[in-house]
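Asks: quick one, structure for this:
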Amino acid sequence: MRGYHGRYLRIDLSARRAEEVALADATLQQWIGGVGLGTWICREEGGARCDALSPRAPLVFALSPLVGTPLTTSAKFAVVARSPLTGFLSDAISSSHFAIAAKRAGYDAIAVAGRAEGWTRVVVDDGAVRFEDAEGAWGRAAAECGIDGHRTAAIGPAGEALCLFATISNDGRHAGRGGLGAVMGSKRLKAISVRGTKQVAVADPRGVVEEARRLSALSFGPATAKYRELGTVANLLAFNRLNMLPTRNFAEGSFGGAEALDGMKRKARESCAACTIGCEHIFEMPSGEGVRLEYETLFALGPGLGIDDRGFVLSAAALCDRLGIDTISAGGTIACAMEAGFGGLRFGDTAGVLRALESMAEGGPLSRGSKRLAESIGRPEIAMHVKGLEIPGYDARRLPAMALGFAVGTRGADHNRSSAYELDFSTEAFDVGRIIEIENRAAAMDSLILCKFLRGVFADFGREGARLVELVAGFSPDLAAAGSAICRLRRRFNAECGWTPADDTLPGRLLGGAMTRERLTALVAQYHAVRHGAG
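Replies: This is a model prediction of the structure:
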């Protein structure tokens with residue numbers, strides 16, 4: 001096939017050894033790339049059969065056939081492993097030149113296992129692999145760990161300290177959720193740096209260029225205008241008006257200080273690698289420096305903590321970036337601690353938040369996440385999580401489709417692997433079958449891998465997405481069927497980790513009114529009947 005190298009690289013840090021593993025055409029056609037291929041490799045490498053932080057646990061960096069083409073938003077990679085935060089499968093996606101460089105290094109994925117004797121950097125250089133001492137990089141931010149001529153993915157201090165929601169960072173972007181930075185840290189792998197010159201041929205070069213031009217033109221249209229012109233921070237005031245802005249650990253649905261958080265000074269607008277949308281808004285901190293800010297970070301470090309100081313939120317976001325911490329889980333854990341008064345924390349306590357973030361990056365008690373914290377103090381009901389993953393900034397009490405999407409998410413509470421909120425914000429009736437369709441589409445997009453912000457430009461994603469694969473790789477997949485198979489593979493992985501349907505639930509605080517526990521239980525049962533009945 002075209003578009004693929006037909007192999008992945010298996011690295012054993014304990015033995016300081018690397019080998020190439022062939023990937024059959026049928027495997028690539030079935031799982032495509034990204035989260036699909038990454039999940040398959042992780043399961044094949046035994047990821048469901050060992051503890052997330054054990055030396056044997058695989059950490060998989062997976063690419064797609066579209067990486068390296070001129071197709072907009074295609075420069076992405078997925079990181080897949082068993083999550084130390086949830087105990088279940090986690091996949092995190094990031095955009096960067098790291099994806100392009102890894103593809104040019106000659107592989108469709110890189111799977112890392114073992115544990116190095118000391119802090120190590122793995123360098124993959126056009127197929128040649130070497131192991132370098134990285135003790136001198138200990139304690140540094142990921143952004144300080146690059147080497148000349150290579151693209152680097154690295155962990156910060158939080159990953160070194162095995163904070164269970166540490167990120168893997170690259171080019172200022174983050175593979176953020178699920179604590180995969182802790183998996184990397186448990187292997188004493190500070191960084192992986194890649195470079196290469198290997199190109200893969202595409203099936204229809206002229207067709208790829210024409211389609212790239214078409215998608216690029218569409219990416220400047222109305223479907224992406226919000227992201228391009230306003231950024232996701234625009235959600236803050238909209239959600240506040242609709243009384244669905246989670247505030248003070250989800251105790252309320254609106255925040256009196258929301259207006260004070262609005263109007264941050266934009267310093268610049270940037271794009272991810274190989275992207276024409278340009279949704280990345282850089283805001284100016286009190287120091288004059290810039291920091292990228294998205295709605296989820298603004299919610300988690302602002303209203304979720306009862307804080308209305310926009311300068312502080314920007315500075316706290318920059319600190320999370322430097323330490324390598326997932327802002328949603330950090331904010332959710334601190335909010336839980338604030339409600340309990342743990343460590344003297346109180347809502348609105350900005351100085352306490354900074355201390356808490358630094359403590360997380362040192363492996364302190366808050367580094368274990370809200371679920372473990374709440375259980376340790378005998379108040380499990382105040383942890384706002386699903387399967388151990390802290391809930392993002394959507395108040396499920398007013399979003400019934402999103403409530404179900406959160407509950408059944410294989411990664412835990414998740415707005416990106418489901419986006420069931422599309423039904424809540426549409427005129428469509430609530431329908432479990434449609435929620436499954438949306439979930440299948442998300443799995444397919446995350447396997448291609450294309451940015452979710454691009455989904456609105458497709459009139460028929462199944463047909464048009466399949467056409468992209470055909471132009472690049474020479475085969476035309478049934479993306480609805482592929483997405484469904486990938487979702488079932490994730491569920492099978494989780495079942496091998498001990499998942500049961502009882503794990504598909506929500507905190508009691510988010511139940512009541514139209515979405516009672518009884519109704520949610522019935523909907524979860526219906527979801528699984530339809531999902532598995534569909535084959």
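Asks: how would you label the spatially most central residue of the chain: helix, strand or coil?
Replies: Nearest to the mean C-alpha position of the chain, by C-alpha atoms, centre = their mean, lies residue 92 at 3.3 Å. Secondary structure assignment for residue 92 (DSSP: H, G, I helix; E, B strand; the rest coil): strand.
Asks: and for residue 308?
Replies: Per three-state DSSP, residue 308 ends up coil.
Asks: how far away is the closest residue to residue 245 other than its chain neighbours from residue 253?
Replies: Nearest non-adjacent residue to residue 245, counting by C-beta to C-beta, 6 or more residues apart in numbering: residue 239, 4.1 Å away. The way it works is simple: take the backbone N, C-alpha and C, and place the C-beta from them, glycine included. Using C-beta to C-beta, to the nearest Å, residue 239 is found at 9 Å from residue 253.
Asks: got it, and residue 424?
Replies: From residue 424 to residue 253 the distance is 14 Å (C-beta to C-beta).
Asks: residues shared between the contacts of those two?
Replies: residue 398 (C-beta atoms under 8 Å, 6 or more residues apart in numbering).
Asks: so what's in contact with residue 239 and residue 253 at the same time?
Replies: Residues touching both residue 239 and residue 253 (C-beta under 8 Å, 6+ apart) are 245, 395.
Asks: ok, the residue nearest to residue 245 - contacts?
Replies: If a contact means C-beta under 8 Å, 6+ apart, then residue 239 has 245, 393, 394, 395 as its contacts.
Asks: export those residues to CSV and tack on distance to residue 498 and secondary structure?
Replies: Below are the contacts of residue 239 laid out as CSV (distance: C-beta to C-beta, whole Å; DSSP: H, G, I helix; E, B strand; the rest coil):
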residue, distance to residue 498, secondary structure
245, 34, coil
393, 29, coil
394, 27, coil
395, 30, coil
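Asks: make a PyMOL selection of whichever of those turn out to be buried.
Replies: Paste this into PyMOL to select the buried members of the contacts of residue 239, with burial taken from 16 or more other C-beta atoms under 10 Å:
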select buried, resi 245+393+394+395
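Asks: from the contacts of residue 239, which single one is nearest residue 465?
Replies: residue 394 (25.7 Å; C-beta to C-beta).
Asks: can you list the low-confidence ranges for this structure?
Replies: 534-535 (pLDDT under 70).
Asks: show me how it divides into domains.
Replies: Domain assignment for the chain, taken from automatic domain parsing, gives 7-195, 227-389.
Asks: distance from the first one to the middle of the chain?
Replies: Which is domain 7-195. Distance of domain 7-195 from its chain centroid, counting by C-alpha atoms, centre = their mean, to the nearest Å, is 13 Å.
Asks: before we move on, what about the last one?
Replies: Once both centres are worked out by C-alpha atoms, centre = their mean, domain 227-389 turns out to sit 16 Å from its chain's centre.
Asks: ok, now stretch 487-503?
Replies: So, by C-alpha atoms, centre = their mean, the centroid of stretch 487-503 is 19 Å from its chain's centroid.
Asks: can you mark which positions in that stretch are buried?
Replies: 487, 488, 489, 490, 491, 492, 493, 494, 497, 499, 503.
Asks: would you turn those residues into a markdown table with secondary structure and distance to residue 321?
Replies: Shown next, in a markdown table, are the buried residues of stretch 487-503 (DSSP: H, G, I helix; E, B strand; the rest coil; distance: C-beta to C-beta, whole Å):
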| residue | secondary structure | distance to residue 321 |
| --- | --- | --- |
| 487 | helix | 31 |
| 488 | helix | 35 |
| 489 | helix | 32 |
| 490 | helix | 28 |
| 491 | helix | 33 |
| 492 | helix | 35 |
| 493 | helix | 30 |
| 494 | helix | 30 |
| 497 | coil | 30 |
| 499 | coil | 32 |
| 503 | helix | 31 |
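Asks: what is the burial count for residue 213?
Replies: Number of residues near residue 213 (other C-beta atoms under 10 Å) recorded here: 12.
Asks: part of a strand, is it?
Replies: No. Assessed with three-state DSSP, residue 213 is helix; it does not lie in a strand.
Asks: residue contacts, the residue nearest to the centre of the chain?
Replies: By C-beta under 8 Å, 6+ apart, the neighbours of residue 92 are 78, 79, 167, 168, 174, 175, 176, 177, 178, 180.
Asks: now do residue 357
Replies: Contacts for residue 357 (C-beta under 8 Å, 6+ apart) come out as 316, 319, 320, 323, 325, 330, 334.
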